[in-house]
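K.L.:
quick one, fold the following:
(chains A and B)
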Amino acid sequence: MQTSLFADAIFWVLAALAVFSGWRVFRTDSMVRASFFLLASFIAVGAIMLLLAAVYLGLAMLFMMAVEMMVMALFMVMFMMNPAGLNPMVMVHQHRLSIVAGGLAFAVLGALALFVEFPDRPLPAGLDPVASLGREMLGDSMLVFESAGIVLLATMIGVVVMSSHRGRFGAADQGSLPPGLEPGGVPAGPQPDAEGSGGHHHHCH
Amino acid sequence: MMAWAAMVLTFLALAVGGYAVAVADRLIAGACGWPHQGNAWLAPLARGAWLYRQDANVTEAPDRPAWRLAPALYLALAALGLALVPWSPTLVVADLATGVVLWGSLEALATVAIFLHGWSANAPLALIGGYRYVALGLSYILVSMFVLIGVVLPAESLKFSQVVAAQEELWNVVRQPLGLPLFLIVGLGLTFWGPLNLADSTDLAGGTASEVSGPPRLVWEIARVAMLVAFSGIAATAFLGGWLGPWLPGPLWLALKMLAVLLALAWLGRVLPRLAPERCVTLMWVVLLPLSFVDLIWAGLEAL
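P.N.:
Below is the predicted model of the structure:
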C-alpha cells in the first residue's frame, strides 16, 4: 500500500502534538489544565489510530477520553479542595522515583521501537475493520466482553443509587448528622432537634 | 470534487442555517406576543455587528488561551458534525464508516468545550454554568447514543449514508416513533437552548458566557446556533430520511428537513417551560433514559 505524503505529514503533526501536550501535562500548574492537555494528547493518538485504519477504535478513544478526562478533572478538583482548580500547584511529586520510572519506561519502549522487527502486513483489500472488530468482540470473546459490560453497568447503577439525593428514608441532606469530633461522640455542628422544635424566633437568643 | 462541493454546501448551511435560527426565534417570539427587539430579519445582523464592535471583557487571571479557544472549539465541533451529514448518496464531506460514533464523540467533546468556556473565565457564575452543563451533559449523551443505536440497527451500519438508505421504504420517524422526540430534547440540551438552557441561563446572569463580551461572545453565539444547525442535520439524516424525497433534488430535501427541525426546535425552545437543573437531571435519568431503552428495544424487536 502506498502511503501518501499528505498522510505522512498528518502523522508527524499529530505525533508532535501528542508528545507536546503529554509533556505539558506535567509542566502546567493546574489539574484542570493537566487533564485537558492529556485529553489533547489522547485525541492526537486517536487520530493516528484513524490513520492506521482503526476507524472504530480511534473514535472510541475520542469519546471515552473526552468524558473520562472531564470526570477526572472534576473529581480531582473536588478531592484536592483547590477552588475550581485555578490555584497554581505543582503537578509532579516523588521526583526521583518518577525520573527513574520514566527513564526506564522510555528506554524499554524506545528499544522496542528500534530493535523489534515489525511485521509488514498491508491491509487485505476487502477488510472491513468495524465489522471484523464486531465479530471479534461478539463472537469468540462474547463471554469476556459481556461479563465485563454487566459488571461495569452494575457498578454504575450502584454508584448512582449510593450517591443519589433521594433515598428510601427521604432526601439525603435531611436528618443526616455529621460524625462526632471524637469516635462515638456527639455529632459536630449545630444539633438538628434544637432547630426543629424551637420555632421561628429560636435563633434570636 | 464532490467532497469540495459538499464542503462548500456545509459551510453555506452553517451560515444560512444559523441566521435562519436567529430569525425564526425572533419571529416565533413576535407571533406569540413575547418581547423581542427590532425587525426579526435585521436584529440578528445588528446584534452581530454590535458585538463585533464591543470590547472583549477581561476577568482577573483567566486561563486566556482556553477562554478564547473554547468558542472556536465549539464552533469547530459543530462544523465537524455537519460534515458527517450526506446531502445525497455521493455528496458528502466525510462519509465515515463510523460516522454515528464520531457524532457521539462530538457530543462528548462539546461537554469539554462548554466546561472550558465556563471554567477558564475564573469567575463564579461562569464556573457554576460550566459545572452545571457537565452534570447534565452526561445524561444528554446517553439518551442520544441509545436513540442513535436504535437508528443504526435497521441500517446495519454506522455510516450515515447507510442510515439514510435504510429509510427508503419507511422513515425512522415512523418506524421508531420515540426516537425523534427524544433526540429533539437532547438537541435542546446539547445546545442549551430554550428550556434546557441551564449552562448560560439568566439565573446565572448568562452562565458560562456571563463574563464574555465583544468578538469572543459573538463567536460563542454563532457556535451555539451552528451546533443547533449541525444537530438538525443529524436529526434530519437519522430520522427524516435525509436526502430522500420525490420531485426535488436530494440536497434541497435535506435543507428543507433541516429547516423543519430548526423551526421545531426554535418553537419548542420558546413554548416549553424552563426546568430547574436538579429536576432536569431527574427527568433525564428517570423518564427519558428509560424511554430511550424502550426505543432501543422497539428498534431491536423490529430489526429481528
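K.L.:
how about the residues of chain B that lie near chain A?
P.N.:
Proximity of chain B to chain A, by C-beta under 8 Å from any C-beta of the partner chain, involves residues B:61, B:63, B:66, B:96-98, B:101-102, B:104-105, B:107-109, B:111-112, B:115-116, B:119, B:122, B:127, B:131, B:134, B:138, B:141, B:158, B:278, B:285. No exception for glycine: its C-beta is placed from N, CA and C like everyone else's.
K.L.:
which among these count as buried?
P.N.:
Taking 16 or more other C-beta atoms under 10 Å in any protein chain shown as the criterion, what is buried in those is B:63, B:66, B:96-98, B:101-102, B:104-105, B:107-109, B:111-112, B:115-116, B:119, B:122, B:127, B:131, B:134, B:138, B:141, B:158, B:285.
K.L.:
so where do the strands sit in chain A?
P.N.:
Using DSSP state E, the strands of chain A run over A:166-167, A:170-171.
K.L.:
tell me the pLDDT of the nearest residue to B:Leu84 once chain neighbours are set aside.
P.N.:
Distance criterion C-beta to C-beta, 6 or more residues apart in numbering or on different chains; nearest residue to B:Leu84, sequence neighbours excluded, is B:Gly99 at 4.6 Å. Each residue has a pLDDT score; the one for B:Gly99 is 89.
K.L.:
and the residue nearest the centre of chain B?
P.N.:
The geometric centre of chain B, computed from its C-alpha atoms, lies nearest to B:Leu228 (C-alpha atoms, centre = their mean), at 3.2 Å.
K.L.:
tell me who's in contact with it.
P.N.:
By C-beta atoms under 8 Å, 6 or more residues apart in numbering or on different chains, the residues touching B:Leu228 are B:Gly17, B:Gly18, B:Val21, B:Gly187, B:Thr191, B:Trp193, B:Leu262, B:Leu265.
K.L.:
Provide a list of residues in contact with A:Phe42.
P.N.:
A:Met61, A:Leu62, A:Met65, A:Met69.
K.L.:
for those residues, which one is nearest chain B?
P.N.:
Among the contacts of A:Phe42, A:Leu62 lies closest to chain B (C-beta to the nearest C-beta), at 3.9 Å.
K.L.:
surely that closest one and B:Glu107 touch.
P.N.:
No - if you go by C-beta atoms under 8 Å, A:Leu62 and B:Glu107 don't touch, sitting 10.7 Å apart.
K.L.:
let me know the secondary structure of B:Ala97.
P.N.:
coil (DSSP: H, G, I helix; E, B strand; the rest coil).
K.L.:
wait, it sits on A:Asp128?
P.N.:
Yes - using C-beta under 8 Å, B:Ala97 is in contact with A:Asp128, at 7.5 Å.
K.L.:
pull the longest helix from the chain.
P.N.:
Picking chain A for this. Criterion DSSP state H: the longest helix present in chain A is helix A:55-80.
K.L.:
to clarify, I was referring to chain B.
P.N.:
Identified as the longest helix of chain B according to DSSP H is helix B:124-155.
K.L.:
report the inter-axis angle for it versus helix A:55-80.
P.N.:
Between helix B:124-155 and helix A:55-80, the angle comes out at 150 degrees (axes from the mean of the first three to the mean of the last three C-alpha atoms, to 10 degrees).
K.L.:
okay, buried residues for helix B:124-155 please.
P.N.:
Buried-residue list, helix B:124-155, by 16+ other C-beta under 10 Å: B:125-155.
K.L.:
centre of the chain versus that helix, how much separation?
P.N.:
Relative to the chain's own centre, helix B:124-155 is displaced by 11 Å; criterion: C-alpha atoms, centre = their mean, to the nearest Å.
K.L.:
elements contacting the helix or strand just after that helix?
P.N.:
Downstream of helix B:124-155, the next assigned helix or strand under DSSP states H and E is helix B:160-165. Here helix B:160-165 touches helix B:99-119, helix B:124-155, helix B:214-239, going by 3 or more C-beta pairs under 8 Å, 6 or more residues apart in numbering or on different chains; DSSP states H and E.
K.L.:
show me what the second one is packed up against.
P.N.:
What that stands for is helix B:124-155. Using 3+ C-beta pairs under 8 Å, 6+ apart, helix B:124-155 sits against helix A:55-80, helix B:99-119, helix B:160-165, helix B:172-175, helix B:179-190, helix B:214-239, helix B:277-282, helix B:289-303.
K.L.:
which of those sits closest to B:Lys257?
P.N.:
Among the helices and strands packed on helix B:124-155, the nearest to B:Lys257 by C-beta to C-beta is helix B:214-239 (3.8 Å).
K.L.:
ok and that closest one relative to helix B:124-155, angle-wise?
P.N.:
Orientation check (the same axes, to 10 degrees): helix B:214-239 against helix B:124-155 gives 20 degrees.
K.L.:
how about the residues of chain A by chain B?
P.N.:
For chain A, the contact set with chain B under C-beta under 8 Å from any C-beta comprises A:30, A:32-33, A:36, A:39, A:55-56, A:59-60, A:62-63, A:66-67, A:69-70, A:73-74, A:84-86, A:128-130, A:160, A:165.
K.L.:
filter those residues down to the buried ones.
P.N.:
Counted by 16+ other C-beta under 10 Å, these give A:30, A:32-33, A:36, A:39, A:55-56, A:59-60, A:62-63, A:66-67, A:69-70, A:73-74, A:84-86, A:129-130 as buried.
K.L.:
pLDDT weak spots in chain A?
P.N.:
In the predicted model, chain A carries pLDDT under 70 at residues A:1-3, A:81-87, A:166-170, A:172-178, A:191-205.
K.L.:
and B:Pro277, how many residues sit next to it?
P.N.:
B:Pro277: 18 surrounding residues under other C-beta atoms under 10 Å in any protein chain shown.
K.L.:
got a pLDDT number for the residue lying closest to B:Ala61 once chain neighbours are set aside?
P.N.:
Using C-beta to C-beta, 6+ apart and skipping the chain neighbours, the partner closest in space to B:Ala61 is B:Asn122 (5.4 Å). Note on B:Asn122: pLDDT of 86.
K.L.:
now do the longest helix of chain B against helix B:289-303, angle only.
P.N.:
20 degrees.
K.L.:
so what does the lowest-mean-pLDDT helix or strand in chain B touch, helix or strand wise?
P.N.:
Counting by mean pLDDT, DSSP states H and E, chain B has its least confident helix or strand at helix B:172-175, which shows a mean of 84. Packed against helix B:172-175 by the contact rule (3+ C-beta pairs under 8 Å, 6+ apart) you find helix B:124-155, helix B:179-190, helix B:214-239.
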